[in-house]
Structure formats: C-alpha cells, structure tokens
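Student: Attaching a predicted model along with its sequence, questions to come.
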Amino acid sequence: MRRIMHAAAALALAAAALTTLATSSAGAADGSWAGCPYGAVCIYPQGQNPAATPSDVFWSYGAHNLSGQYGSHWVLNNQSGGAHARLCRGSGGADCVYDIAAQNGVWYDLGPINSITLDRP
C-alpha cells in the first residue's frame, strides 16, 4: 500500500511539473514577441526599453493615424508572410519614410510620424 501511495504522489508531482512548464512557455509557443501578439504590429510607450507591454496594437491592413506619440518608441512588426509596416509622416499613410519587414522592430522617434500602415505582402 505504501508503494502505491509513493507512486501516486510521484505521478501527481510529475503531472504538476509538466503543467507548469507548459503554461510558462505558452507565450513563446503562441508566437507573441515582447507582448505583441502574433500577426499584429505594436507600438510601445515612449522610452520603454526593452519593449514589454504595447500601448497600441494594430491588426488590420491599411493606414492607421497616430495621436500623441512623441519621442522614441519601439515599433514591432510581428506579422507573418512578408507583411510590412511603414511609418509615415502624413496622415492616412502618406509620405512613408521607414519600412519595417515582418518579424522586425525599430527604435524610432515618432514625433514626426503621423500614421502607420500595415501592408499585405
């Protein structure tokens, strides 16, 4: 009886350890990067270095106007399949000055930037 109890306890401990391991690695397994979900483009708060928690997350293709973004920020393109993000001086995606390839990021002064575009490959 004692052997069965020890075996059951060991099995329960092993199961708990595997569950903890699976839970702690879920962030990397789902493709998130510095809190930016897989498939999105993220902007982080001014001066947040290293990037940890995005302040803006963009999912849809097209132009997105920015507001109140000054100083240097991380911008991470966690899209897939060669999709690009572009930083643009004008609103509505006009006068783009910086191209960020998929799975890349940049530390950039967003003061002169008024919009960001997410572009299909």
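Tutor: Looks like it came in fine.
Student: OK, contacts around the residue nearest to residue 76 when sequence neighbours are not counted?
Tutor: Distances taken as Cβ to Cβ, 6 or more residues apart in numbering place residue 105 nearest to residue 76, at 4.0 Å, with adjacent residues excluded. To be clear about C-beta, it is placed using only N, CA and C from the backbone, and glycine gets the same treatment. Counting by Cβ atoms under 8 Å, 6 or more residues apart in numbering, residue 105 makes contact with 51, 74-77.
Student: hmm, try it at 10 Å
Tutor: 33-34, 36, 41-42, 44, 51, 74-78, 85 (Cβ atoms under 10 Å, 6 or more residues apart in numbering).
Student: now residue 84
Tutor: 41, 77, 96, 99-102, 104, 117-121.
Student: For residue 70, see how far away it is.
Tutor: 24 Å (Cβ to Cβ, to the nearest Å).
Student: ranges for the strands of this structure?
Tutor: 41-43, 56-58, 62-65, 72-77, 84-88, 96-100, 104-109, 115-119 (DSSP state E).
Student: tally of neighbours for the residue nearest to residue 32 when sequence neighbours are not counted?
Tutor: Nearest non-adjacent residue to residue 32, counting by Cβ to Cβ, 6+ apart: residue 38, 6.1 Å away. Residue 38 sits with 12 neighbouring residues when counted by other Cβ atoms under 10 Å.
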